[in-house]
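Chemist: curious how this folds, go ahead:
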Amino acid sequence: MSVLLEFAMFPTDKGESVSSYVSKIIDMIDKKGVDYQLTPMGTIIECDSMDEALEIVKESYECLRDDCSRVYSTLTFDIRKGEKGRLKSKIKSIEAKLGKGIRH
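Modeler: Modelled structure (predicted):
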């Protein structure tokens, strides 16, 4: 099973720049060893189960809860049985159809 989770989580009570708070979440995800991709608007992770994905969401909040009075989050899931490695394979599939790499 592959669970792709695209999510954003950040405090709303810390001003315009919240990268110092988001970096705490990214550090936690990196230490977990799950595949992830940081984007300008959020982070995409790939897990083997829904429980693992939801645990990362919970731990992300725990990274912020002591320092933040208000936290905003969005979550989008793509769950597929039998497939793994979709974080990279979905992009490669589009690149193959285009006949070239996607500009990053």
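Chemist: quick one, strands of the chain?
Modeler: Assigned by DSSP state E, the strands in the chain fall at 2-11, 35-39, 42-47, 71-80.
Chemist: out of these, which is closest to residue 24?
Modeler: strand 2-11 (10.2 Å; Cβ to Cβ). No exception for glycine: its C-beta is placed from N, CA and C like everyone else's.
Chemist: show me how far the closest one is from its chain's centre.
Modeler: Per Cα atoms, centre = their mean, to the nearest Å, the displacement of strand 2-11 from the mean C-alpha position of its chain is 4 Å.
Chemist: for the protein, what are the low-confidence residue spans?
Modeler: Across the chain, the ranges flagged by pLDDT under 70 are 101-104.
Chemist: just to revisit the earlier point, now the strands of the chain as a markdown table including mean neighbour count and distance to residue 25?
Modeler: Shown next, in a markdown table, are these (neighbours: other Cβ atoms under 10 Å; distance: least, Cβ to Cβ, whole Å):
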| stretch | mean neighbour count | distance to residue 25 |
| --- | --- | --- |
| strand 2-11 | 19 | 6 |
| strand 35-39 | 14 | 10 |
| strand 42-47 | 20 | 7 |
| strand 71-80 | 13 | 10 |
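Chemist: the ones you listed into a markdown table, with extra columns for distance to residue 97?
Modeler: Putting the strands of the chain into a markdown table (distance: least, Cβ to Cβ, whole Å) gives the following:
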| stretch | distance to residue 97 |
| --- | --- |
| strand 2-11 | 19 |
| strand 35-39 | 20 |
| strand 42-47 | 20 |
| strand 71-80 | 19 |
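Chemist: which residue comes closest to residue 79 once chain neighbours are left out?
Modeler: Spatially, and ignoring its direct neighbours in sequence, residue 79 is nearest to residue 3 (5.2 Å; Cβ to Cβ, 6 or more residues apart in numbering).
Chemist: and what of residue 88?
Modeler: Nearest non-adjacent residue to residue 88 (Cβ to Cβ, 6+ apart): residue 35, at 7.7 Å.
Chemist: ok, what's across the strand from that neighbour?
Modeler: Listed by DSSP bridges, the beta-bridge partners for residue 35 are residue 46.
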